[in-house]
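> pasting a predicted model and its sequence here:
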Amino acid sequence: MNALQPERDDRQDEHGRNDRDRDVVLSARGVTVSFGSKVVLDKLDLDIYRGEILGFVGASGAGKSVLMRTVLRLLPRQGGMIKILGEDYDSLDEPERNKLDMRLGVLFQQGALFSSLTVKENIQVPMREYLDLPAALMDELAHLKIRMVGLAADAADKYPSELSGGMIKRAALARALALDPDLVFLDEPTSGLDPIGAAEFDELIAKLRDTLGLTVYMVTHDLDSLFSVCDRIAVLGQKRVLVEGTIDDMLACDEPWVKSYFRGKRARSIVPTDRVGHKAGNDGAAAYSREK
Ligand SMILES: Nc1ncnc2c1ncn2[C@@H]1O[C@H](COP(=O)(O)OP(=O)(O)OP(=O)(O)O)[C@@H](O)[C@H]1O
């Protein structure tokens, strides 16, 4: 248990519910990951609740990507347990693992689209991998996802090289949503976007969460995203989750890294001064304009 935090079960959300009343979509306990003698994550605990957008922050090199890759089983862990949607991968057989994989969507940092495939074909990659659908239905579904992420219909037949950075992110998000996942992982979704593009992308994420009931795990360095769309924030430091809570909890926290990140010079340019030290309800989604 983290000394900076209230007891896990005693914290309440904005509706007055205790953590124990909420539906945990992802639960990590005692997760340890090391490379040779270098320990990157040491007995890390984390919960993500259904329908929330969790922003995951931490200094460069703290292990944010390592944790996300470990959760997605792209990296092995040396200890601990991870349950996703109530299931522990280690106790599932291959068909059950595939079923669980279908409920997860991932947007990697650079979009990671296949350059030799069109946007529509990229979106259909997971459909071909996991489903057996007629071509016409897959086309219809791909077009639906394209509309859902706010791309024009003619983006379907474009190749990634013909898209802007913002369009690539949207296309990658459409692919992450291809199988109607419950939980999506976004690795720095707004990096490389201009402030307006980033703000629009944040709005899109919030809208999809509201309309599709998605749960979002978002690794980000983007303070604007943390202020505008994240319901809760987890800070990675000292090889574990150092602090977690609402944006107001972050603003009231005196842990040195958290303080300098959320109340430092860069933060002061976007955080109204009357927010600092204010520890009230979760109204972190109020309108904050990105630095132009
Ligand atoms: N495959 C690997 N082999 C060895 N070390 C690794 C490997 N992957 C990550 N690391 C190390 O783990 C540490 C955490 O890396 P990670 O990429 O998770 O940081 P991060 O918090 O995502 O940083 P950033 O914000 O800069 O992306 C770093 O010291 C990195 O060098």
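It's in. Residues are numbered from 1 along each chain as shown.
> now stretch 219-228: mean pLDDT?
The average pLDDT for stretch 219-228 rounds to 86.
> for that stretch, which positions count as buried?
For stretch 219-228, the neighbour count (16 or more other Cβ atoms under 10 Å) marks 219-220, 222-228 as buried. Bear in mind the C-beta positions are built from the backbone N, C-alpha and C, glycine included.
> got it, and stretch 198-211?
Per 16+ other Cβ under 10 Å, stretch 198-211 contains these buried residues: 198-202, 204-206, 208-209.
> again, but for stretch 93-112
Those would be 100-102, 104-109, 111, for stretch 93-112 by 16+ other Cβ under 10 Å.
> so which residues of the stretch 151-292 of the chain form strands?
Secondary structure of the stretch 151-292 of the chain by DSSP state E, counting those that start in this stretch: the strands cover 183-187, 215-219, 232-237, 240-245.
> reformat these as CSV; add distance to residue 133.
Putting the strands of the stretch 151-292 of the chain into CSV (distance: least, Cβ to Cβ, whole Å) gives the following:
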stretch, distance to residue 133
strand 183-187, 21
strand 215-219, 25
strand 232-237, 36
strand 240-245, 39
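> could you tell me which of the buried residues of stretch 198-211 belong to helices?
Judged by DSSP state H, the buried residues of stretch 198-211 include 198-202, 204-206, 208-209 as members of helices.
> nearest to the ligand, of those?
residue 198 (16.6 Å; Cβ to the nearest ligand atom).
> can you get me a residue count around the residue nearest to the closest one when sequence neighbours are not counted?
Excluding its sequence neighbours, the residue lying closest to residue 198 (Cβ to Cβ, 6 or more residues apart in numbering) is residue 190, at 3.8 Å. Residue 190 has 25 neighbours, counted by other Cβ atoms under 10 Å.
> hang on, isn't residue 190 packed against residue 225?
Yes - under the criterion of Cβ atoms under 8 Å, residue 190 makes contact with residue 225 at 5.6 Å.
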